[in-house]
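Trainee: Predicted model, plus sequence, below.
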Amino acid sequence: MEQVQTYQALEEKLRDRKWRLNNLYYITDKKGKKVKFKMNWAQEDLYNQLHYFNVILKARQLGFTTFVMIYFLDACLFNSNHSAGVIAHTLDDAKKLFKKKIKFAYDNLPDWLKELRPAKTDSARTLEFENGSSIYVGTSLRSDTLQKLLISEYGKISAKYPEKAREIKTGALNAVESGQQIFVESTAEGKTGEFFELYEKARKLLDSVAQLASMQPKAFFYGWWMNPDYRTDDAVIITDEHNKYFDELETQGIELSEEQKYWYVLKSEQQGDDMSQEYPSSPEEAFQGSLKGAYYTKQMKKVRANGQICHLPYNSKYPVYTWWDLGTNDLMTIWFYQNIKGKHCLIDYEEASEEGWDFYSQLLLGKGYNYIQHNFPHDGNRRMRGHKLFTDKECAQDAGIRPIRGKKIKSPD
């Protein structure tokens, strides 16, 4: 009886979803302390602009996964026959999210609410309630019918497990009917993959369509500089490189305080080459961030900053060297190089697949360059597929590509 009276006293407030989100649920903060959940600036901004299909590119530590899980739990508690699913990139991550976010919030609800919405199934991955609603986590969720879906860190899934990312696109996204809600949130993981393509589609729609249809994705971006917590009074020396970066941001309309600049310098010292990926200032910068395992990222960023990526014409006074990557099941790639008065000039590039050595011989001749040396990787002496007697190097020489040098290239430290 007391529980019913408590509910009746709060009934008017309970009709307000925003009030419920900010007053009924508990989470653990960054220090591991139990605190009442209240939307931060980024979560509230997203809440105020919610669409049916939401695609969120963001900097670290803004709490979108926590917000969406609380939002899903609230929807299940206050709506009958409502199904919500959460996808993480591994099953262990899915279980951790469920335990730390959803289960923790439910276990710490007011007693009167848990009595009104008892869980009939309570496991490591699923909560089912007496009102017919349920919330659960997994890595695919292909065969389910959902009213709400969260795909957490889709960028990581796309980069590490591209087949799984496509499975999510064709399976889980189709499990949510038009007019229901989808959330896809992630930091960027390079300029390829399902997440990149989805965000780019959403961004272009936002720029070109006056009003999105329910099935069209809406792009959200939350950069590091938008977070009021990302600032410090600890003064540090700002290098010329950082000042140049901050000046570029100002041309984009992003004006930083000294405290924000200090924070960025200190954080970038910690993050190194991952800074633009983990704490981007713009969507373009986020997707230009380095991929794990990519070589020479730092050096390439410096080359771009120095304006060294440009058109370099062939100079007939100097010989041309070629450098090859010998593709078998992938692309064959060729770089054309000249050393002109001590400057390293990459003047041309070609790639192809499923072509024979006569094709590459004719391609080289057609350029009209004065070749002095063709550089193959050390595995150019491996046996050719389908050939018992000849190696790549021998077949290339037979087609007229001479002289060839094979050299093992060390990976960068």
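Mentor: That came through fine. Residues are numbered from 1 along each chain as shown.

Trainee: got the phi/psi numbers for M332?
Mentor: Backbone geometry at M332, expressed as degrees, to the nearest 10, gives phi -90, psi 130.

Trainee: repeat for the one 3 residues further on
Mentor: Per-residue torsions, W335: phi -110, psi 140 (degrees, to the nearest 10).

Trainee: Can you spell out which residues form a bridge with the residue nearest to it when sequence neighbours are not counted?
Mentor: Distances taken as C-beta to C-beta, 6 or more residues apart in numbering put W323 closest to W335, at 4.5 Å, once the chain neighbours are dropped. Backbone N, C-alpha and C define where each C-beta goes, glycine included. Bridge pairing for W323 (DSSP bridges) gives the partners W335, N375.

Trainee: just checking, W323 touches N375?
Mentor: Yes. Using C-beta atoms under 8 Å, W323 is in contact with N375, at 4.8 Å.

Trainee: hey, where'd the helices end up in the stretch 251-400 of the chain?
Mentor: 258-271, 275-278, 283-288, 297-305, 357-367, 392-398 (DSSP state H, counting those that start in this stretch).

Trainee: List the buried residues in stretch 67-86.
Mentor: 67-78, 82-86 (16 or more other C-beta atoms under 10 Å).

Trainee: One more: stretch 232-243?
Mentor: T232.

Trainee: now do stretch 35-55
Mentor: Buried residues in stretch 35-55 (16+ other C-beta under 10 Å): F37, M39, N40, A42, Q43, L46, H51, Y52, F53, N54, V55.

Trainee: first to last residue in that stretch, what's the distance?
Mentor: From its first residue to its last, stretch 35-55 covers 28 Å (C-alpha to C-alpha, to the nearest Å).

Trainee: now stretch 41-54
Mentor: Stretch 41-54: ends 17 Å apart by C-alpha to C-alpha.

Trainee: what about H344, how many neighbours?
Mentor: Burial of H344 is recorded as 9 neighbouring residues (other C-beta atoms under 10 Å).

Trainee: which other helices and strands contact the lengthiest helix in the chain?
Mentor: In the chain, assigned by DSSP state H, the helix with the most residues is helix 193-208. Judged by 3 or more C-beta pairs under 8 Å, 6 or more residues apart in numbering; DSSP states H and E, helix 193-208 is in contact with strand 53-58, helix 154-160, helix 162-167, strand 176-186, strand 218-222, helix 283-288.

Trainee: care to break this structure down by domain?
Mentor: Annotated domains of the chain cover 2-222, 226-293, 320-407 [automatic domain parsing].

Trainee: Check these for me and report the most buried one.
Mentor: domain 2-222 (a mean of 18; mean count of other C-beta atoms under 10 Å).
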